[in-house]
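> Sequence and predicted structure below; questions after.
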Amino acid sequence: MATVKTNRSLTTHLLRRAGFGGTKEEIDALNSFEYDHIVDYLLDNRHKDPVPVDLLRRYQIDLSDVRTNISSGSYWMYRLAHNKFPFEEKIALFWHRVFATGQNKLIQGKPMVTQIEMFRKFGMGSFEKLLVELSKNPAMIMWLDNQDNHKDNINENYGREILELFSMGVGNYTEKDIKECSRAFTGWTIENMPYNAMKMRNNTARPFGYIAWQFKFDEKDHDFGEKEFLGEKGDFNGEDIVRIICKQKATAQFIARHIYHFYIKDELPVPQWPHEEPIDPSAIEFIIESYFKNKYNIKEVLRDLFKSEYFRTEEIYNKRIKSPSELVVNSVRLSGGFDIPSEEVYKATSSSVLMGQPLMNPTSVEGWQGGEEWINTGSVIERINYCSEILGDVNKDVVNNIVKQNPDKKNILNLCLGELGYIKLELSTKIPIEEYIENSLPESICSEEVSLIIKLIVSTREFQMN
Amino acid sequence: MKKEKVLITIQLSGGNDYLNCIVPWENPLYRDFRKHIKITDEEIIPLDNKLGLNPGMNAIKDFYNEGNLAIIHGVGYPEPERSHFRSMDIWHTAEPTKVGTKGWLGQAIKEIDPNAKNVVTAVNFSEALPRALVNQGVPVASVGDINNYGLFTSIEDESKKNEALNTFKRFYTPTMGNDYVMDYLGKTGLDAVKGAEIISKAPDLYNSNVEYPSTSIGKQLKGIAQVHLANFGTRIFYANHGGFDTHTNEIVLQQNLWQQLSDALSAFFEDLKEHDTGEEIIVFMFSEFGRRVLDNGTGTDHGSGGVSFLLGNNVKGGQYNDYPSLDPDKQIEGDLKFNFDFRGLYSDILEDWLSVESKNIVGGNFEKLSPFLK
């Protein structure tokens, strides 16, 4: 057996944050490496063929074809649960939260699938490149009406939101900057929109769209005149605007808070940021420094962060409430994944909706705020019932793996906690469960009893945390 | 015993087309703008010599004849938003200019039950919790299937389920120390179980000869009747009736939706009557926006300015406000111009029905309807 080199609770913490939590097997395998190597492995092991997308086409044509209103979210759910490089999906989820775009307005799912694909491709590189790609992304253009942003009649929607929601946050630019920014993005539109829109409408077999919309820079509709933006003057195009945005301290600070909020600890809701100090200013400073040092490269920022003291301090372990998608994906992964792309995928996706997070369809223009927002009496019931149903399923991996280890009343709790990714319970949670085992379970423990204990564990407060 | 007043909100999601719901059939402009999707004179259910109802609204017409249905014309808000989301958000939070976090009903619940003594003061039957009901510290029971509602529904054996629930209650008791999040989770978890225990009793207490349609809205209204008749003290119910986003095939789709709603509401009021009750209930129906005046060939696109409804034995039936003009000069950007701010309507409901002060909830004083109660 390999020597353990990294503290197991640190490994599990890292796996929860960099991905969607580890199975017992994954944790045991990784523990034998130095911590910094585990970080590098999780960030760099880009798999050549991470997801068997061909299975999707074979078994669920409506899913790969995005034929129903929940197909796009389900398509992503399948990838979230099966990607062998979970860091990639996690970061896509991060950007989906920051750049919240919803198919509800687009009335089609396909461009959303394409947008998430773009996050996978560019989301861990330079933030500057990502913002340029975002500005060219068809779903984003339609979401914020940039196709209506014309040389002689600007539409400020995108010009405003790229500053307010996507980079700097309110209070760091003027109304004039918004106008100049919008001017710079005139002519950033979509190729052949009227024809494709007609084509889309006429294809009633695919009401949620199959058109692979393409970006077009329409020179004739672009305002090439001089602009003054954040104190600089020039005949700026969109790329120049993004270049100027990215070197601002406000941008670094805004992105740092998002990173902290998503990877470290639940922060205040974003709209309060202009008025409230970060809960841990020195951690934010650390991320800002790393952002500039790494020339805006997000993956390197995360590498610095994961290796930092801020990240390793036990104080932040299990301090984030799992978002519905994190909870669902964590559970599906623990249970051994989806057998074949089937109704289970839809069930997972719609459960996440019922818990308050419709993937690719955020409920507000500002995205999900996270934290306590996820918890209400309705969502708690959904969370617990979903997890206990799938993890307590006697036909799935978790229960079977435990039964194989010959559980008895003494070791069953520890076996279950281990199999669920070495969950740690507070004493005030542990004692009632131990008493339950002592008083209510028969002497011989079979799959039914294992299932009951699993159901109790996933219903705990501790299991709701990341 | 004096019964407490109850509000049922039915959200018509997707944008109910005003022009083909309350049809200005005598207006030649209606025919001009709705060349492809007009409702014919033979099909219309006439209300008066100017307006008629969508053919799916037969039971709604009966309510109107009985004097129990208020049709509120031209409802909207300044600077209309044509995004489903944003517009629905505005209706939910009564905040047209900024992103609100508290729902208008969530705030009302806080006024009605400030210490959250009753975890079922508000019960939601629509999928996911609508933002209208959201407010910090306000418990709302969100019921999917009332016949299978509660925690650990996958444990079939009743006594095993109860043992699990008792264990759950022990480890959810908020004594984890000074951790705010853990305490909040604990309290919410316990509220959820308490609410589920109360509500899951409703179907057993319920007895009725009325048959509800097996549609989603039929099931939701049946659930509402079951919980209401069980006297748990619920004051606010929420239901959702979706599918009004009729960009295509509008004539068929919209009529079906109204027929479903008509049938469900008719069963619901019959049920209340069978139980000698109903005076304590009003139903409020709204949609996030109306639709474009000019049709697009087979349907209509997102617009603004719409129609809302209040229904109940205590509602003074009839029509309120004027039907917005179809005259092209009077439209705004191709939409009907609203003439009544929805926040005034909320004020009516909050103050005159639920006895809750509205000013802080809707953010000011808005013109109300002339008294809408009998």
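Structure's in. What do you need?

> okay, now the domains of chain A?
A:8-44, A:53-316, A:324-464 (automatic domain parsing).

> what about the second one, near chain B?
Spelled out, it's domain A:53-316. Yes: Domain A:53-316 reaches chain B (C-beta under 8 Å from any C-beta of the partner chain) through A:Gly102, A:Asn104, A:Lys105, A:Ile107, A:Arg201, A:Asp266, A:Pro269, A:Pro271. (Glycine included, C-beta is placed from N, CA and C.)

> quick one: that domain to chain centroid distance?
13 Å (C-alpha atoms, centre = their mean, to the nearest Å).

> ok, now the first one?
Its chain's C-alpha centre and that of domain A:8-44 lie 18 Å apart, by C-alpha atoms, centre = their mean.

> For it, measure first residue to last.
Separation of the first and last residues of domain A:8-44 by C-alpha to C-alpha, to the nearest Å is 21 Å.

> do the same with the last one
End-to-end distance for domain A:324-464, by C-alpha to C-alpha: 9 Å.

> Could you do the second one as well?
Terminal residues of domain A:53-316 are spaced 36 Å apart (C-alpha to C-alpha).

> circling back to that earlier point, columns mean pLDDT on top of the domains of chain A, output as JSON lines?
JSON lines is the format used below for those (pLDDT from 0 to 100):
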{"stretch": "domain A:8-44", "mean pLDDT": "96"}
{"stretch": "domain A:53-316", "mean pLDDT": "92"}
{"stretch": "domain A:324-464", "mean pLDDT": "92"}
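
> For B:Asp271, find the nearest of these.
Each of those has some distance to B:Asp271 by C-beta to C-beta; the shortest is domain A:324-464, at 24.9 Å.

> Report whether the closest one contacts chain B.
Yes: remark: domain A:324-464 sits within contact range of chain B at A:353-354, A:356, A:358, A:363-366, A:371-372, A:375-381, A:384-385, A:388-389, A:392, A:426, A:428-429, A:432-433, A:435-436, A:440, A:452, A:455-456, A:459-461, A:464, by C-beta under 8 Å from any C-beta.

> May I see the PyMOL selection of the buried members of these?
Selection of buried members from the residues of domain A:324-464 next to chain B for PyMOL, criterion 16 or more other C-beta atoms under 10 Å in any protein chain shown:
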select buried, chain A and resi 353+354+356+358+363+364+365+366+371+372+375+376+377+378+379+380+381+384+385+388+389+392+426+428+429+432+433+436+452+455+456+459+460+461+464
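
> Give me the subset of the residues of domain A:324-464 next to chain B that lies in strands.
If you go by DSSP state E, these have nothing in strands.

> ok and the residue in chain B nearest chain A?
Across chain B, no residue is closer to chain A than B:Ser142, which sits at 2.5 Å (C-beta to the nearest C-beta).

> how about the domains of chain A, which one is nearest B:Pro24?
domain A:53-316 (27.8 Å).

> returning to what we had before: of all pairs in the residues of domain A:53-316 next to chain B, which one spans the longest distance?
Longest span within the residues of domain A:53-316 next to chain B, C-beta to C-beta: A:Arg201 and A:Asp266, 42.6 Å.

> Quick check: the residue of chain B closest to chain A touching A:Arg383?
No: look at B:Ser142 against A:Arg383 with C-beta atoms under 8 Å: they stay out of range, at 12.0 Å.

> hmm, back to that, between A:Arg201 and A:Asp266, which one's more packed in?
Applying other C-beta atoms under 10 Å in any protein chain shown to A:Arg201 and A:Asp266 shows that A:Asp266 carries more neighbours, namely 21 against 16.

> residues touching the closest residue in space to the more buried one that isn't next to it in sequence, list them.
In this structure, A:Asp266 finds its nearest non-sequential neighbour in A:Gly371, 3.8 Å apart by C-beta to C-beta, 6 or more residues apart in numbering or on different chains. Residues counted as contacts of A:Gly371 (C-beta atoms under 8 Å, 6 or more residues apart in numbering or on different chains) are A:Asp266, A:Glu267, A:Pro269, A:Arg320, A:Ile321, B:Val181.

> tally of neighbours for the residue lying closest to the third one once chain neighbours are set aside?
Spelled out, that is A:Pro269. Closest residue in space to A:Pro269, ignoring its immediate chain neighbours: A:Gln369 at 4.0 Å, by C-beta to C-beta, 6+ apart. For A:Gln369, the count of nearby residues is 19 (other C-beta under 10 Å).

> Then A:Asn196?
A:Asn196: 17 neighbours (other C-beta under 10 Å).

> Name the helix or strand for it, please.
helix A:193-202 (DSSP states H and E).

> helices or strands up against the first helix or strand past that helix going along the chain?
Scanning forward in sequence from helix A:193-202 by DSSP H and E, the next helix or strand is strand A:215-217. Judged by 3 or more C-beta pairs under 8 Å, 6 or more residues apart in numbering or on different chains; DSSP states H and E, the packing partners of strand A:215-217 are strand A:188-190.

> Who does the strand it packs on pair with, and is each partner parallel or antiparallel?
Next to strand A:188-190 in the sheet, as set by DSSP bridges, lie strand A:215-217 (antiparallel).

> Show me what the strand it pairs with is in contact with.
So strand A:215-217 is contacted by A:Lys136, A:Asn137, A:Pro138, A:Ile141, A:Gly187, A:Trp188, A:Thr189, A:Ile190, A:Glu191, A:Asn192 (C-beta under 8 Å, 6+ apart).

> Spell out, range by range, the strands that occur in the chain.
No chain in the question, so chain A it is. A:188-190, A:215-217, A:227-229, A:232-234.

> Chain B is the one I meant
B:6-13, B:22-23, B:45-46, B:52-53, B:69-76, B:122-124, B:141-142, B:236-242, B:281-287, B:306-311, B:318-320, B:340-341.

> Worst mean pLDDT among the ones you listed?
Mean pLDDT values for the strands of chain B show the minimum at strand B:141-142, a mean of 89.

> which strands and helices sit next to that one?
Using 3+ C-beta pairs under 8 Å, 6+ apart, strand B:141-142 sits against helix A:377-391, strand B:122-124, helix B:180-199.

> do that again at 7 Å, thanks
Other elements packing on strand B:141-142 under the criterion 3 or more C-beta pairs under 7 Å, 6 or more residues apart in numbering or on different chains; DSSP states H and E are helix A:377-391, strand B:122-124.

> Relative to the whole chain's centre, how far out is it?
15 Å.

> OK, contacts around the closest residue in space to B:Leu253 that isn't next to it in sequence?
Using C-beta to C-beta, 6+ apart and skipping residues adjacent in sequence, the residue nearest B:Leu253 is B:Thr246, 5.0 Å away. The contact partners of B:Thr246, taken as C-beta atoms under 7 Å, 6 or more residues apart in numbering or on different chains, are B:Asp17, B:Leu253, B:Gln254, B:Gly299, B:Thr300.

> Thanks a lot, see you next time.
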